[in-house]
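A.B. asks: After the sequence you'll find the predicted model.
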Protein chains: 2
Amino acid sequence: MSTTMMAILAAGALSLVYGAWAIRSVLAASPGNARMQEIAGAIQEGASAYLNRQYTTIGLVGIVIFAVVWWLLGALTAVGFAAGAVLSGAAGYIGMIVSVRANVRTTQASSESLAAGLGIAFKSGAVTGMLVAGLALLGVAVYFYVLTDVLGHDATSRQVIDALVALGFGASLISIFARLGGGIFTKGADVGGDLVGKVEAGIPEDDPRNPATIADNVGDNVGDCAGMAADLFETYAVTIVATMVLASIFFVSTAGATMMIYPLVIGATCIVTSIIGTFFVRLGSGGSIMGALYKGFIASAILSLIALYFVTDEVLGLATTYTQTNGLSFTGQDLYICGVLGLVITGLIIWITEYYTGTNYRPVQSVAEASNSGHGTNVIQGLAVSLEATALPAIVIVAGIIVTFNLAGLFGIAIAVTTMLALAGMVVALDAFGPVTDNAGGIAEMAELDDSVRKTTDALDAVGNTTKAVTKGYAIGSAGLGALVLFAAYTEDLKFFAASPDAYPYFAGIDVNFSLSNPYVVVGLLVGGMLPYLFGAMGMMAVGRSAGAIVEEVRRQFKAKPGIMQGTEKPDYGQAVDLLTKAAIREMIIPSMLPVLSPVVLFFIISAVADKSAAFSALGAMLLGVIVTGLFVAISMTAGGGAWDNAKKVIEDGAHGGKGSEAHKAAVTGDTVGDPYKDTAGPAVNPMIKITNIVALLLLAVLAH
Amino acid sequence: MSTTMMAILAAGALSLVYGAWAIRSVLAASPGNARMQEIAGAIQEGASAYLNRQYTTIGLVGIVIFAVVWWLLGALTAVGFAAGAVLSGAAGYIGMIVSVRANVRTTQASSESLAAGLGIAFKSGAVTGMLVAGLALLGVAVYFYVLTDVLGHDATSRQVIDALVALGFGASLISIFARLGGGIFTKGADVGGDLVGKVEAGIPEDDPRNPATIADNVGDNVGDCAGMAADLFETYAVTIVATMVLASIFFVSTAGATMMIYPLVIGATCIVTSIIGTFFVRLGSGGSIMGALYKGFIASAILSLIALYFVTDEVLGLATTYTQTNGLSFTGQDLYICGVLGLVITGLIIWITEYYTGTNYRPVQSVAEASNSGHGTNVIQGLAVSLEATALPAIVIVAGIIVTFNLAGLFGIAIAVTTMLALAGMVVALDAFGPVTDNAGGIAEMAELDDSVRKTTDALDAVGNTTKAVTKGYAIGSAGLGALVLFAAYTEDLKFFAASPDAYPYFAGIDVNFSLSNPYVVVGLLVGGMLPYLFGAMGMMAVGRSAGAIVEEVRRQFKAKPGIMQGTEKPDYGQAVDLLTKAAIREMIIPSMLPVLSPVVLFFIISAVADKSAAFSALGAMLLGVIVTGLFVAISMTAGGGAWDNAKKVIEDGAHGGKGSEAHKAAVTGDTVGDPYKDTAGPAVNPMIKITNIVALLLLAVLAH
């Protein structure tokens, strides 16, 4: 094993050590009084029940796909698929286990001080963050090491590439199920619980009399924690794999092997800097929570910037010139600058997202203001903000593409995206902090703690809304920037197969034309463009149906047990959790199959009505089509949802008449609309894009076999 | 003059004769009692005042552009621009003048019978429809005749092409201003009036005590009638021009001249069949209004199918083989079949739109059903329907592209779109019927006529909601199908200039690559994809602001004149009209400039940071990017808005508790949200796409000069 590989594995292992330490440290905190522990126990039970069932279902689908992949592409590829799926599942599962234990401890700590609450919640988020980055890095690195050093395959061979792509596929498959299933669960509970609780029964959010209230808290953990972790795991893994695939294509022999290692090096470096960064998160004298979190992020980013300089010099040599097989040359320093640009893009996207979803800026305030004239104008303004919020991120991504491409071609873009995602550990930490604080507030409410505790957890929660939106913008932004990388992996694979028609007879005589003048390219762009819309529709409708089922269930309980509202009878929380579990599992299947099957169906239909060349063109264009509309759909949904949510918070904090005013009712409507937008349909678009791309790559591999 | 050209001009003239006859026939009907005439007079005055002001503003912008076009591209091109603008304006203006006189006559006729009301309203719509198709056809045909026969330019020369493209530009410019200005006016009045009237004061829609009520009725005429007419005029003109441009590029000498005439022949044929079709519109024994309208449409379509067969045989020869300069061959019959497919696509889009917006089908009923659980779920379900509604039209368009391309290449696609739009006269007639019936209902309410009259006009109005959605789907669908035609016009122009670097030195040495692997193509796709989102955001916000201004104005009047609510004082209707006029004119400018300036800015930025070749690639890709997202944005907004509107009608007809129920309140919210979606932002996307394309073509011409 080379020292570089040893260092990479050590960094991955360090993230696990950090995780273990942080878990111990969270669990060592006081879990509060008996009532609090009882509530937390119910949440833990519900979350475990849901995730067990979700993973069982995914497991069944996964075993079928595992068998198909083995049969079509061999054992090593199938094992890659399994590794990606299992590790992604593990990151989400462990994250959830910690999160459902950190929530009550955060409540307890918040009763002491804001700083203590923030400390527990952030540490819990950091466990998930470091596990996501660490397990993804370890998965790719260890399997790459096994394939090349242990089994002796050439680093740039098809065998290795197919196996790594399959690892990405495994991660993506978990991710889309987890995002959708978790998203449907959490928003079904949230929307349904609010409708029947706040609107019909007139009881506040998280009131223990509402039978959906435990389900709502379970949802935060399985959707916003486990679902989000799976999403970022796959984004991280797929990006590193795609960059490695490009490296194997663009460079030969030693340079190829070095360049394949470089993305792993970037990941390893940033895991170490992220871990150091977590120790910078602490409340300043001003007491700004966002400021405390930013300190951690900025520390990680600056440390990464410095560390990558030396690491790149060590691994690549800053002054060394590398020449791609197509003749393009650039230096190690060019790649370093691309990495820096990746960090800059991350910073800009965070800044733009905060502008569109933060309570202090024009967009959220305009939505709050529009609530004065009613439900309709609140929604109109929210939709307008959601549409507008796509423009600046698109411009940042476009600028990123132009600059990094001019520095070091497609590989430069790939390195920028890799570096952008290398900070995933820190970004996920900021995000996974959200559901913990959301739960903490719920527990404070249900355990009837002093109002001051709820106030502290509410302050933490408001920041959580913004960090949640930031992570989604970051994930989809990286997909937009990485569009060309994924597309290049497809075209280069195609070129490779077409160049050896003897070895790959299916590809004999094909002549693929990706020009926009080719009608099949336009066909692919339109069909790809359609997918996020259809997928979004399915997600929204699934939430509507699940919420409707919850409304009926809660009404039934109120009717069957009239004592619930008087506080003399206990609602059956488990029934609501169980109902949502079944609904979410049922509803996640069909939409998840859409991106898996669409590339295959499109390919064979166009093959039948035209020819293989046309089908390959249409399929390639579909990969870009799904990103072109997906980017806008996802950003608009996640930013718009965040803006609606925080507009409600602005009013609840006293603006425009405060709680209970007409403006507040309108803002609640906007928040409800934003729920499935930002937590179900919007974030699931990112894994959907990835799956479409990876299925296309695997289809090529299958056709080649 | 050839007999073919004579026949074309005769068909155009026939539409004017039909228009004159229909206007006389409408005006001959009774305008009702004095109160009704007084109300109608106020609407007439307001509509004229607004349109005069709007056209004055557009005129100022137009004169500047006219001068710039003259300076950069010469007199003939500038005259083409002016002709397109003036004729488009005339079609909208005359349509509005008839529409504001037909409204009160429809009210009066509705007091006699449903058939009589339908008769007047449809005839008024038919005036607008035939003027749109007739003036557009005459404009293009006469100018083409003048350029070639009178001035002796070669039909396929740059001079002729540039002049025709400029004619399209003139039409598009009017169209985007009229769609946006009219859309902001009408929805500002509608949303603002509803908020302060229905919600705050608790008075019904169209109540004469609401100071915004006349403005609301004015809005129907300037937005849904004049704005829509300008939109379809430009869609028609631009499509025919683009097809002629392709013909001039693909064919040489005689075949070229014949093929350039063929789209005009299709237009002429369908104007005649549309006029005949109008006489088939009559109520059957079942009394179905939609059925009566469909009879007219189906008659036109079947007659067109038959007539085009013989006409194509006469002009092209069904068995004659034509060979493009690039070697592709097809027969006259192939082109005829492409035309038939254009009609089939129109039929399918109408059918799909009716499914998504009609009161009898699942989508609208699901939105109505979701209103039971509140404002939030109504909006969620409406958004889900709006997203879903894009899928089938996209598939129809994709299938249309594949089949027509296989029959006769790009020119086959162009002929399909031309034939699709050749029925514009009939489609616009169905649509322009809507605002007349909407006004008729308002007048019945304000003049306090018997409830049975309002019931009749309401029945007519519900159908109008669907036909309005149909026209928008049809316009944007043709843009999607025509995407490749517009893009081909750009690429072929570029090729033409690049082939003669001596004559066009700016194009020396450029090497444009439209492959998806080119990062500048992805940049163009993303920037183009961003435009409909940003544009939509601006449109929605403009409506929000205008509605807010109306709310304040109405509140002010209620406060200043407390007698209004008691019916003892008259509200100042003119004040609200005036306020909206100013707001709409002010708000339409910046969004309208977005598609005019974006292509130019993108081109020069990319030229500066990279090179001309990259800039031409990015610009071309932008033209497709704007269609890829624009198609989905526009269809989702127009279909979703229609579904919300009719879901409210379903409830008002008694479902889910009927008027005044909680479900009804939720449905009103959905309708309010849908208003700017379907009548401002959504429909304006179509002209926006066209402008982006035409500005790119003109930019090439300018760079060549």
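C.D. replies: Perfect, thanks for sending it.
A.B. asks: now the closest residue to chain B within the stretch 601-705 of chain A, what's its secondary structure?
C.D. replies: In the stretch 601-705 of chain A, the residue that lies nearest chain B is A:Thr672 (2.9 Å; Cβ to the nearest Cβ). Where C-beta positions appear, they are placed from N, C-alpha and C, glycine not excepted. Counting by DSSP: H, G, I helix; E, B strand; the rest coil, the backbone at A:Thr672 sits in helix.
A.B. asks: I'd say it and A:Leu195 touch.
C.D. replies: Yes - taking contacts as Cβ atoms under 8 Å, A:Thr672 lies within contact range of A:Leu195: 7.4 Å.
A.B. asks: Quickly list what's touching both of the two.
C.D. replies: B:374, B:376-377 (Cβ atoms under 8 Å, 6 or more residues apart in numbering or on different chains).
A.B. asks: circling back: need the pLDDT of the residue of the stretch 601-705 of chain A closest to chain B.
C.D. replies: Note on A:Thr672: pLDDT of 92.
A.B. asks: Can you report how many residues lie near it?
C.D. replies: Using other Cβ atoms under 10 Å in any protein chain shown, the number of residues around A:Thr672 comes to 29.
A.B. asks: which ones are touching the closest residue in space to it that isn't next to it in sequence?
C.D. replies: Residue nearest to A:Thr672 in three dimensions, not counting chain neighbours: B:Gly376, with 2.9 Å by Cβ to Cβ, 6 or more residues apart in numbering or on different chains. Listed by Cβ under 8 Å, 6+ apart, the contact set of B:Gly376 reads A:191, A:194-195, A:668-669, A:671-673.
A.B. asks: thinking again about what came up before, tell me who's in contact with the residue of the stretch 601-705 of chain A closest to chain B.
C.D. replies: A:191, A:194-195, B:374-377, B:379-380.
A.B. asks: Equivalent analysis for A:Ile214, please.
C.D. replies: A:39, A:42-43, A:46, A:573-574, A:576-577.
A.B. asks: Same check on A:Phe604?
C.D. replies: A:Phe604 touches A:Ala615, counting by Cβ under 8 Å, 6+ apart.
A.B. asks: before we move on, what about the one 5 residues further on?
C.D. replies: Remark: with contacts taken as Cβ under 8 Å, 6+ apart, A:Val609 is in contact with B:402, B:406.
A.B. asks: how near is the closest residue in space to A:Ala115 that isn't next to it in sequence to A:Ala292?
C.D. replies: Distances taken as Cβ to Cβ, 6+ apart put A:Leu283 closest to A:Ala115, at 4.6 Å, once the chain neighbours are dropped. For A:Leu283, the distance to A:Ala292 (Cβ to Cβ, to the nearest Å) stands at 5 Å.
A.B. asks: Now, the shared contacts of A:Thr672 and A:Leu195 that are in helices?
C.D. replies: B:376-377 (DSSP state H).
A.B. asks: so which of the shared contacts of A:Thr672 and A:Leu195 comes closest to chain A?
C.D. replies: For the shared contacts of A:Thr672 and A:Leu195, the nearest to chain A is B:Gly376 (2.9 Å; Cβ to the nearest Cβ).
A.B. asks: State the number of residues packed around A:Gly567.
C.D. replies: 9.
A.B. asks: how about the nearest residue to A:Pro562, chain neighbours excluded?
C.D. replies: Nearest to A:Pro562 is A:Glu569, by Cβ to Cβ, 6+ apart, at 7.7 Å.
A.B. asks: Wasn't that neighbour part of a helix?
C.D. replies: No - according to three-state DSSP, the state of A:Glu569 is coil, so it is not within a helix.
A.B. asks: if we can go back for a sec, now the contacts of B:Gly376 as a markdown table including distance to B:His153?
C.D. replies: Below are the contacts of B:Gly376 laid out as a markdown table (distance: Cβ to Cβ, whole Å):
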| residue | distance to B:His153 |
| --- | --- |
| A:Val191 | 64 |
| A:Asp194 | 68 |
| A:Leu195 | 68 |
| A:Val668 | 65 |
| A:Thr669 | 61 |
| A:Asp671 | 62 |
| A:Thr672 | 62 |
| A:Val673 | 57 |
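A.B. asks: Closest to A:Ala489 out of these?
C.D. replies: Relative to A:Ala489, the closest of these is A:Val673; by Cβ to Cβ it sits at 37.1 Å.
A.B. asks: Excluding residues flanking it in the chain, which one is nearest the closest one?
C.D. replies: B:Val379 (4.6 Å).
A.B. asks: A:Leu579 too?
C.D. replies: A:Glu553 (5.5 Å).
A.B. asks: Now do A:Ala508, the pLDDT please.
C.D. replies: 88.
A.B. asks: just the one 10 residues further on next, same as before
C.D. replies: According to the predicted model, the pLDDT of A:Asn518 comes to 92.
A.B. asks: what's the distance between the residue lying closest to it once chain neighbours are set aside and A:Gly80?
C.D. replies: Nearest non-adjacent residue to A:Asn518, counting by Cβ to Cβ, 6+ apart: A:Ser617, 5.6 Å away. Distance, A:Ser617 to A:Gly80, using Cβ to Cβ: 28 Å.
A.B. asks: same check, this time on A:Ala647
C.D. replies: Distance from A:Ala647 to A:Gly80, by Cβ to Cβ: 45 Å.
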